[in-house]
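Peer 1: how would this look folded up:
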Amino acid sequence: MNLTPEQKAIGKENFLAAIGSSVTRREFLKKSSQENLASGKGMGAYYFRYGEFKDPVKVAILGTGDEGCVLIGGINPKYIKVVAIADIRPYNQYRAFHGDVYSATAAEVRPGLMKKYGYKTEAQAKANIKIYNDYKDLLNDAEKLGIEGVIIGLPLHLHAPAAIIAMEKGCHVLTEKLMGHSVARCKEMARAARLH
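Peer 2: Residues are numbered from 1 along each chain as shown. Modelled structure (predicted):
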């Protein structure tokens, strides 16, 4: 059926008059979920009965290349405090702080730690976030830095070694996809998770 915009508007008016409300279920759900998300409470927070979060989890980012910077973009500063990063490439370290400058779309998914945490200058950001070239050096300092978890965005062949060391240091681990290079490496990671 091909209706004109005027006919569609009349049909909507008739429908709303028949149900006795100007708010459709879809509009109600859309508006209520937007309000919940804007308030920081969200539908998940309501479902799981989350309250106010006072102390964000202290994490380190291992690998700040393309995927590592995307993971930085997904951080909610209310819940996660990045205290250290590790990457062997100076440009990746720079991009971790400043975000991706190639396009507006890239900057949206890779905004950088300065924007994410509201740091005005790079010096201010570096005073709060320690930089390492080698992820192993960072993990050796995990206890001193108070790191509770790591987000791993390293090349795939390093996921298992880094995750296992992190778990041995008592850190929680989040790896980007894929978890490990092979099923055997994933099983090693699962074994380490059970032990530590």
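
Peer 1: Show me where the chain dips below the pLDDT cut-off.
Peer 2: 19-52 (pLDDT under 70).

Peer 1: Just give me the residue right at the centre of it.
Peer 2: A centroid search over the chain (C-alpha atoms, centre = their mean) returns Gly74, at 2.7 Å, as the residue closest to the centre.

Peer 1: That one and Ile151: what is the separation?
Peer 2: Distance, Gly74 to Ile151, using C-beta to C-beta, to the nearest Å: 9 Å. Backbone N, C-alpha and C define where each C-beta goes, glycine included.

Peer 1: Next: Ile129.
Peer 2: In terms of C-beta to C-beta, Ile129 sits 13 Å off from Ile151.

Peer 1: More neighbours: which of these two?
Peer 2: Neighbour count, other C-beta atoms under 10 Å: between Ile129 and Ile151, Ile151 has more, with 24 against 20.

Peer 1: can you pull up the bridge partners for that one?
Peer 2: Judged by DSSP bridges, the bridge partners of Ile151 are Ile61, Leu174.

Peer 1: got the buried residues for the strand or helix carrying Gln124?
Peer 2: Using DSSP states H and E, Gln124 falls within helix 122-128. Buried positions in helix 122-128, judged by neighbour count with 16 or more other C-beta atoms under 10 Å: Ala125.

Peer 1: Which SSE is immediately downstream of it?
Peer 2: Helices and strands here follow DSSP H and E; after helix 122-128, the next one along the chain is strand 130-132.

Peer 1: what's the spacing between that next one and its chain's center?
Peer 2: 19 Å (C-alpha atoms, centre = their mean, to the nearest Å).

Peer 1: thinking again about what came up before, render the CA-only coordinates of the helix holding Gln124 in CSV, please.
Peer 2: Presented in CSV, the C-alpha positions along helix 122-128 are these (Å, rounded to 0.1, in the frame of the first residue of the first chain):
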residue,chain,number,x,y,z
GLU,A,122,49.7,16.0,27.7
ALA,A,123,51.9,16.8,30.8
GLN,A,124,48.8,16.5,33.0
ALA,A,125,47.8,13.2,31.4
LYS,A,126,51.4,11.8,31.8
ALA,A,127,51.4,12.8,35.5
ASN,A,128,48.5,10.5,36.0
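
Peer 1: Contacts for it, please.
Peer 2: Helix 122-128 is contacted from outside by 83, 97-98, 113-114, 117, 119, using C-beta atoms under 8 Å, 6 or more residues apart in numbering.
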